[in-house]
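*Asks:* what follows is a predicted structure for the sequence shown.
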Amino acid sequence: MPERRAVDAADSSLVLLTVEEAAQRLRIGRTTCFKLVIAGELESVTVGRLRRVPPDALPAYVAKLRRPSRAA
């Protein structure tokens, strides 16, 4: 049986990340990351019954956070 290698969340070759891996990259909690996904604030896709986050969604989310709010 082939040995499975542990997947590093920082692996830049990953096409899609689990929500847990996205949370690790953002340095936030898993539950908080799921809340962002459910709220639509962090882009995600469904693959079968699985929820995955495209790696380029992370810098897009951070860029949204950095934009000054118009209410200020």
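*Replies:* Perfect, I can see it now.

*Asks:* torsion angles phi and psi at R51?
*Replies:* Dihedral pair for R51: phi -110, psi 130, per degrees, to the nearest 10.

*Asks:* show me what contacts the residue nearest the centre of the chain?
*Replies:* Centroid-nearest residue in the chain: A22, 3.1 Å away (criterion: Cα atoms, centre = their mean). Applying Cβ atoms under 8 Å, 6 or more residues apart in numbering, we find A22 in contact with 33, 42, 53, 57-58. From N, CA and C alone the C-beta is placed, and that goes for glycine too.

*Asks:* recalculate using a threshold of 10 Å.
*Replies:* A22 makes contact with 9, 16, 28, 30, 33-34, 36-37, 42-44, 51-55, 57-58, 61, according to Cβ atoms under 10 Å, 6 or more residues apart in numbering.

*Asks:* mind checking which of the residues you listed are in strands?
*Replies:* Counting by DSSP state E, the part of these found in strands is 51-53.
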